[in-house]
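Colleague: The following block contains a protein sequence and its predicted model.
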Amino acid sequence: MESNKIKISGARQNNLKNLSLEIPKGQIVVFTGVSGSGKSSLVFETIGAEAQRQINETQNSFTRNRLSHFGVPDVDKIEHLNVPVIISQKRIGGNARSTVGTATDIYASLRLLFSRMGAPFVGYSNIFSFNHPQGMCPVCEGLGFVSTINTDALLDRDRSLNEGAILFPTFQPGGYRWIRYAHSGYFDRDKKVKDYSRKELELLLNAEEHKPPHPDKSWGKTMQYIGLLPRIKNDFLKKESKEHHLRKDELQKIINTTTCPGCNGKRLNERVLSCKIKGMDIADCSALPIDELLTFIDSLSSTPFNAILRELHKKLENVITIGLQYLTLDRTTDTLSGGESQRIKMVRHLGNSIEDLLYIFDEPSIGLHAKDLDNISKIIRKIKEKGNSVLIVEHDPDIIKIADHVIDIGPLSGVHGGAIIYQGTFKGLLTSKGKTGTYFSQERTYKKHPRLSHTSVKIENANLFNLKNITVEIPRGVLTVVTGVAGSGKSTLIGKVLPLQLPSVKIINQSPIAGSQRSTLMTYLGMSDRLRRLFASANSVSDRLFSTNSLGACPNCKGLGVEKIDLAFMDDIEQPCDVCHGTGFDPEVLQYKFRQRNIAAVMDLTVEEALVFFEQYDFVTHFNLLMELGLGYLKLGQRLSTFSGGERQRLKLSAELTEDNNVLVLDEPSTGLHPADTQQLLQVLDRLVDQGNTVIVIEHNLDIIAQADWILDIGPGAGKYGGNLVFQGNVGNLLKNKISETAKYLKQHLADK
């Protein structure tokens, strides 16, 4: 039957080479290939985007405007699509009101249980919500914490208003909020704040909203005056404040956050908390690790409410299956990692009974130990067994192995990718000619002769979060890999405790790179000015013409390359600017050429292409480093905000390749890397060690673990079951260890071919 397959004709999105293929339905189909080969272009930007777009088209116009907008992919035709469920790495995020409990819907079932079984009866299910006016604590409005403004951090009392005494954006001299104080008629603008009378200070900080009696002439007729503290509370701290997210970092500098004295962090009011089951209120239940909460739920028996208890049992069990038993329902979702977020999204779908959907996963292995991958594989199989089709973009060998069907894209990245190298069973992949097939057919080895060290970095009595007061010595001048299941305490030990005890350590993680919305790869490398000068001298014009922040900016989108369509109370939509077609440059600037290319065409070069284009310039040293790190497919003008976590980390790592005598910490540097690129990464790590650096890597990748000089294994489990030092030593000795989960899976990995 034709409709048993998704049929794609002429896919040309990004680097895809006019692909036509058929993808079997009702199976687990894994897409493999090196970073930048075109996997995501095919799976997310072609199949996923088109399926989502067609679903959106069936909605009425009001609903359509509220949904995410997908462009039409560059493909001739896609036939026999199913309704898609796209489960990405994107963090759930959310504000302080979004918790693991609300994101998984478990809290809704718990509220129902308390409204029926709890005593005394205090009201129906809604009242147990900390987001409900009748349920929330009146002091903190359901947040569990209160924020007060630290006036010493907000004001520099040695300055006057004209000198910028208010240390917060939009309140600086000339800023639109500053005007409300400077022109109010209350203050001498040149008087130092420390010289204010008590009355003046009270007016500046705490005055309630009113109309000032003698403001400056420029004061608007309807303008009101309000003190600094109430203004910041209203504009930035109120729960629905739009500016809160924009100013999050600056707010942290002036805000003191403490547990709410009204509810002790429980978020709910006294009446709601008086309702208990077996001596536990609903907040006590939310604070338990999920496996302990399951034990509590299973200890309850009540025939009338069996259906609710069964439902809760099933939902909690699903969270345990995906290895997140260490989380608590009251944990806010913005503290979850990308991998945890993706698994939380999976839990939701395990509970539904809709069939014949098209599930699309983005590297579900990220952030997971081989033991956790066993659980993920079970879930993916369960989703398939319910009658769904599953498409997975993945690099991890253990996930690739569960595929019913493999599609390998390549052979390389960027312009050298976009073709189908192999399509068929996993067994057939082993004899295929691409990088993926070659990797699977290689013999696997571990480091038999590790480097030795005579000095060490000591971490003493580490007891943060779940760490059980451990003391470890990390050898200097070697490659140490820190292992353990997700949630075991690795990142706490190395990412949090180590920097406290050794402040000189350099942490190279996957966090966003500081910079504006316009920052590109070229600005990060510090090469934009050089490039502009080359264009300016070749054309005898101002170098400011070649900047999207200056004279060269497109007049329509002001150099952003995108236009925001404001839908009033709905989310804004971004689309490429009609005038500059997304380049950000004024079209008139594009007449100027350097070596036959205009500035937009140069910014569109990949790192690999730029290596040839700039071969006689010293730019190439930067490009060579990026090539070593497997980033040759990135474009010079690509915005930093579009980079994945793994790409950001490797970009930061490029800056360290010329350094020596540092203690460097890398958090899962293999994220998003094809196994063939992992070999390249290992060469880079070895080079860093050979230069005299101490390199500490937190990693789940078994190929990297196998090549370590020294291993620290934390565990044995996650959350309260972790936090112990399970093993320290070389790989040979780890393989003899009977307790370590890492040892068990590494042995298996080395035995597989």
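Modeller: Received the coordinates, thanks.

Colleague: Downstream of the lowest-mean-pLDDT helix or strand in the chain, the next helix or strand is which one?
Modeller: Lowest by mean pLDDT, DSSP states H and E among the helices and strands of the chain is helix 243-246, with a mean of 59. Per DSSP states H and E, the first helix or strand lying C-terminal to helix 243-246 is helix 248-254.

Colleague: Convert that following helix to CSV, retaining C-alpha atoms only.
Modeller: The C-alpha trace of helix 248-254 is given here as CSV (Å, rounded to 0.1, in the frame of the first residue of the first chain):
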residue,chain,number,x,y,z
LYS,A,248,16.5,39.1,34.1
ASP,A,249,20.3,39.5,34.5
GLU,A,250,20.1,43.1,35.5
LEU,A,251,17.3,42.4,38.0
GLN,A,252,19.4,39.7,39.7
LYS,A,253,22.0,42.4,40.6
ILE,A,254,19.5,44.5,42.5
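
Colleague: can you offset everything so residue one is 673?
Modeller: OK, 673 is where the count begins now, so the last one is helix 920-926.

Colleague: now for that helix, which elements pack on it?
Modeller: With contacts taken as 3 or more Cβ pairs under 8 Å, 6 or more residues apart in numbering; DSSP states H and E, helix 920-926 sits against helix 823-826. In short, each C-beta sits where N, CA and C put it, glycine included.

Colleague: Now do stretch 835-845: everything it contacts.
Modeller: By Cβ atoms under 8 Å, 6 or more residues apart in numbering, the residues outside stretch 835-845 that reach it are 825-829, 831, 833-834, 847-850, 853-854, 864-865, 900, 904, 919, 922, 926.

Colleague: Please narrow those to those residing in helices.
Modeller: Mapping the contacts of stretch 835-845 onto helices (DSSP state H) picks out 825, 826, 853, 854, 900, 904, 922, 926.

Colleague: which of those count as buried?
Modeller: 826, 853, 854, 900, 904, 926 (16 or more other Cβ atoms under 10 Å).

Colleague: so which pair among the residues you listed is furthest apart in space?
Modeller: Across these, the longest distance by Cβ to Cβ is 19.8 Å; it joins 854 and 926.

Colleague: Helix, strand, or coil at the closest residue to residue 1259 other than its chain neighbours?
Modeller: The spatial neighbour of residue 1259 that comes closest, neighbours along the chain excluded (Cβ to Cβ, 6 or more residues apart in numbering), is residue 1252 at 6.2 Å. At residue 1252, secondary structure determined by DSSP: H, G, I helix; E, B strand; the rest coil is coil.

Colleague: which residues touch residue 1252?
Modeller: Counting by Cβ under 8 Å, 6+ apart, residue 1252 makes contact with 1226, 1228, 1229, 1233, 1258, 1259, 1272.

Colleague: next one: residue 808
Modeller: 801, 802, 814, 939, 940, 941.

Colleague: Next, it: phi, psi?
Modeller: Main-chain dihedrals, residue 808, degrees, to the nearest 10: phi -70, psi 150.

Colleague: quick one: average pLDDT of stretch 1182-1190?
Modeller: Per-residue pLDDT values over stretch 1182-1190 give a mean of 77.

Colleague: what's the offset of that stretch from the middle of its chain?
Modeller: 12 Å (Cα atoms, centre = their mean, to the nearest Å).

Colleague: And stretch 1117-1137, by the same measure?
Modeller: Centroid separation for stretch 1117-1137 versus its chain: 29 Å, with Cα atoms, centre = their mean.

Colleague: Quote the end-to-end distance of stretch 1057-1070.
Modeller: End-to-end distance for stretch 1057-1070: 19 Å, by Cα to Cα, to the nearest Å.

Colleague: Repeat that for stretch 1397-1411.
Modeller: Terminal-residue distance, stretch 1397-1411 (Cα to Cα): 11 Å.

Colleague: List the contacts of it.
Modeller: By Cβ under 8 Å, 6+ apart, stretch 1397-1411 touches 1118-1120, 1122, 1142, 1144-1145, 1156, 1377-1388, 1412, 1414-1415, 1418-1419, 1422.

Colleague: Any buried residues in stretch 1269-1277, and which?
Modeller: 1270, 1271, 1272, 1274, 1275, 1277.

Colleague: Turn those residues into a markdown table, including pLDDT and distance to residue 891.
Modeller: Below are these laid out as a markdown table (pLDDT from 0 to 100; distance: Cβ to Cβ, whole Å):
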| residue | pLDDT | distance to residue 891 |
| --- | --- | --- |
| 1270 | 97 | 49 |
| 1271 | 97 | 46 |
| 1272 | 96 | 46 |
| 1274 | 97 | 50 |
| 1275 | 96 | 46 |
| 1277 | 95 | 53 |
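
Colleague: So which of the residues you listed are in helices?
Modeller: If you go by DSSP H, the buried residues of stretch 1269-1277 have 1271, 1272, 1274, 1275 in helices.

Colleague: close enough to count as contact, the third one and residue 1308?
Modeller: What that stands for is residue 1274. Yes - Residue 1274 lies in contact with residue 1308 (Cβ atoms under 8 Å); the separation is 6.8 Å.

Colleague: Spit out the residues that contact those two alike.
Modeller: Common neighbours of residue 1274 and residue 1308 are listed as residue 1282 (criterion: Cβ under 8 Å, 6+ apart).
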